[in-house]
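Engineer: Here is my input; please provide its structure:
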Amino acid sequence: MSHFKCFHVLSVFALFTTLGNLNASAQEVKKIFVIAMENHNWTQPANQFGPGVQQIYNNPNAPFINSLVKGTASANVNGSTVNISQQVAYATAYHNVLATPSGNNPHIHPSEPSYIWAEAGDYFGVLNDNDPYSARGPTNQNTSLHLSTFLTKAGKTWRSYQEDIDLTSKDGQIINLPLPQNQWTVPLTSFFGVFGSGVNEYNGSKQYFYAAKHNPMVFFTDTNGGNNSTPANPLSSHYAPLQQLTTNLANNTVADYNWITPDQYNDMHTPLREGYKGLTGDAAEIRQGDDFLSRIIPVIMASDAYKNHGAIIIWFDESEPNGLADDNADDFNHTIPEIVISPLAHANIKGTPYASPLNYTHSSDLRTMQEIFHVGPLLGDAANAIDLSDLFATGTVPKKP
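Structural biologist: As a prediction, this is how the structure comes out:
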C-alpha cells in the first residue's frame, strides 16, 4: 500500500473516533484549507447539463461534490463506510464578484482578477490572465494591503500549495518527482507539457499544467519576493509542490492559512487530451475535478490540523455563461459553488447539510479569513460584505478582525 493510501486509511479512522467529542459551538476556527476550483456555476438558468459549460449541482459527472451536499458523502475506512456530510454546509446564493440581480454591473473576468480579489478585496484593474511579471503586460501589485501580508505581520503562517511546480528535470524533460525543499522557487511563470516519466497522482495522465493566474499570493511583491524565480528568493518556502501537503499534514506542519490549487486538469478548467473515463469536453473537466476532491479532502480531514478547529473551503473562481447567446453570467440567476467542510460547520438539518440562502461573494470569504485570524483593517470590498458565519456553528467565526 502506498504511503498516501496508508496515511489516508489510518488517519481517517483516527478522525472519526475523535470527532464526536468536539463541542463545535465552544470553539473558533483556527486552520483553513482553501481548495481553488475553476469556471463552473453551481446553478444556472438553462442548459444545465447540455453542451458547453454545465452546472455542478445535480450533475452526474460530479458525484462526490453532490454527495457532500446531499448528505451521502462517505470515506471508506478498512472496509467500513463513514458519512462525512455531517460536517458539511454550503451556499445556495454565492455570486460572482460585483454581480447584481440584473447583471448590470462591472464584469470581473477572466480568472486572475478573482484570485487577486480573494487576497485583497479588489482586482486593481486587472482584466487578463497574465503572469505577474509578464513581458506582454505585468500584473504584479506593490501594495501590502492584502491578506497574506496581514497574516505574516500578525505572526500567522500561510502557504500556497500548487500542483506541478518544483518538479525534477531529467534529460531535458520534467518528471513527476518533487525537488528537495532547498530547490523550491516562487512559481512566477505558467507552464505546461508532458512528463518524461511518471503520471499525475489524481488523474493518471502524463500531462501537467501550472497556471500562475490561479495562485493569488504570487501577484504581490511582498509575498512573491520580486521577479526572482530562483531558490534564492526569500519567499520560496511559502510555495510548495502539492505533494508536500500530505507530508505536512502527517507531520502537523501545515500553515494557519493554506491555499491549494490543483493543476488545470484537476481544477475543472481543462479536459485532458486523451479524455477521462470515457468523457470529453466539459463533462471530462468536471469529473477530473470531482475525482481530485474525492481523494484529497479525506486526507485533509484525517489530519490533526483539521480535527483541531480546521475548515476546508471548496471555492470556485467565477461564474460562466451557460452557452446561450443572451446569457449574463453576472446576474443572480447564476450561482457559484461554495462548500464548507469542518467539525465546526453549521449542524445538519434533519440529516442533510445546511444550505445557506445568504448572498455571498469572494469578499465574504476574505472578510471571514480576516475575522478568523484577527487581522485588519478589512480589505477593499470585504468591508461591504457579510461573512460566512452562517455556514459555521454559532461562535466559531469571530465577528471582528
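Engineer: Tell me the first helix or strand C-terminal of the lowest-mean-pLDDT helix or strand in the chain.
Structural biologist: Least confident helix or strand of the chain, by mean pLDDT, DSSP states H and E, is helix 3-18 with a mean of 41. Using DSSP states H and E, the helix or strand that directly follows helix 3-18 along the chain is strand 31-37.
Engineer: Going by residue numbers, what spans are strands in the chain?
Structural biologist: 31-37, 74-77, 80-83, 88-91, 158-162, 167-170, 173-178, 191-194, 207-210, 239-241, 257-261, 310-316, 338-341, 354-356 (DSSP state E).
Engineer: okay if I get these as CSV plus mean pLDDT and distance to L324?
Structural biologist: Where C-beta positions appear, they are placed from N, C-alpha and C, glycine not excepted. Below are the strands of the chain laid out as CSV (pLDDT from 0 to 100; distance: least, Cβ to Cβ, whole Å):
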stretch, mean pLDDT, distance to L324
strand 31-37, 98, 23
strand 74-77, 64, 36
strand 80-83, 72, 38
strand 88-91, 98, 24
strand 158-162, 98, 34
strand 167-170, 94, 41
strand 173-178, 95, 40
strand 191-194, 97, 31
strand 207-210, 98, 29
strand 239-241, 98, 40
strand 257-261, 98, 30
strand 310-316, 98, 20
strand 338-341, 98, 24
strand 354-356, 98, 26
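Engineer: which residues of this structure score low on pLDDT?
Structural biologist: Where the chain drops to pLDDT under 70, the residues are 1-26, 76-80, 325-326.
Engineer: tilt between the top helix by length along the chain and strand 310-316?
Structural biologist: Secondary structure assigned by DSSP state H gives helix 281-301 as the longest helix of the chain. Angle of helix 281-301 versus strand 310-316, following axes from the mean of the first three to the mean of the last three Cα atoms, to 10 degrees, is 170 degrees.
Engineer: buried stuff in helix 281-301?
Structural biologist: Within helix 281-301, the residues that count as buried by 16 or more other Cβ atoms under 10 Å are 282-301.
Engineer: Report the angle between it and strand 158-162.
Structural biologist: 140 degrees.
Engineer: quick check: angle from helix 281-301 to strand 257-261?
Structural biologist: Interaxial angle, helix 281-301 versus strand 257-261 (the same axes, to 10 degrees): 150 degrees.
Engineer: other SSEs contacting helix 281-301?
Structural biologist: Using 3 or more Cβ pairs under 8 Å, 6 or more residues apart in numbering; DSSP states H and E as the contact test, the elements touching helix 281-301 are helix 3-18, strand 31-37, helix 63-70, helix 243-251, strand 310-316.
Engineer: ok so, going back, could the strands of the chain be laid out in a markdown table, adding mean neighbour count and distance to T230?
Structural biologist: Output for the strands of the chain, formatted as a markdown table (neighbours: other Cβ atoms under 10 Å; distance: least, Cβ to Cβ, whole Å):
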| stretch | mean neighbour count | distance to T230 |
| --- | --- | --- |
| strand 31-37 | 24 | 26 |
| strand 74-77 | 17 | 41 |
| strand 80-83 | 13 | 45 |
| strand 88-91 | 25 | 41 |
| strand 158-162 | 24 | 17 |
| strand 167-170 | 14 | 14 |
| strand 173-178 | 15 | 17 |
| strand 191-194 | 13 | 16 |
| strand 207-210 | 21 | 17 |
| strand 239-241 | 24 | 13 |
| strand 257-261 | 24 | 22 |
| strand 310-316 | 24 | 31 |
| strand 338-341 | 26 | 37 |
| strand 354-356 | 18 | 45 |
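Engineer: Just put the ones you listed in JSON lines and tack on distance to S102.
Structural biologist: Shown next, in JSON lines, are those (distance: least, Cβ to Cβ, whole Å):
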{"stretch": "strand 31-37", "distance to S102": "27"}
{"stretch": "strand 74-77", "distance to S102": "41"}
{"stretch": "strand 80-83", "distance to S102": "41"}
{"stretch": "strand 88-91", "distance to S102": "21"}
{"stretch": "strand 158-162", "distance to S102": "36"}
{"stretch": "strand 167-170", "distance to S102": "46"}
{"stretch": "strand 173-178", "distance to S102": "47"}
{"stretch": "strand 191-194", "distance to S102": "38"}
{"stretch": "strand 207-210", "distance to S102": "36"}
{"stretch": "strand 239-241", "distance to S102": "40"}
{"stretch": "strand 257-261", "distance to S102": "32"}
{"stretch": "strand 310-316", "distance to S102": "22"}
{"stretch": "strand 338-341", "distance to S102": "22"}
{"stretch": "strand 354-356", "distance to S102": "23"}
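Engineer: so which of the ones you listed comes closest to N61?
Structural biologist: For these, proximity to N61 was assessed by Cβ to Cβ; strand 31-37 is nearest, at 13.7 Å.
Engineer: Return the set of buried residues in stretch 269-284.
Structural biologist: Using 16+ other Cβ under 10 Å as the test for burial, stretch 269-284 gives H269, T270, P271, L272, Y276, L279, D282, A283, A284.
Engineer: So the first one sits against I286, correct?
Structural biologist: No: counting by Cβ atoms under 8 Å, H269 sits too far from I286 to count as a contact (10.6 Å).
Engineer: Can you name the residues bridging to G193?
Structural biologist: Beta-bridge pairing for G193 (DSSP bridges): Y208.
Engineer: Spit out the contact partners of it.
Structural biologist: The contact partners of G193, by Cβ atoms under 8 Å, 6 or more residues apart in numbering, come to I174, Q207, Y208.
Engineer: just curious, which of the residues you listed is nearest to N227?
Structural biologist: The closest of the contacts of G193, once distances to N227 are taken by Cβ to Cβ, is I174, at 22.3 Å.
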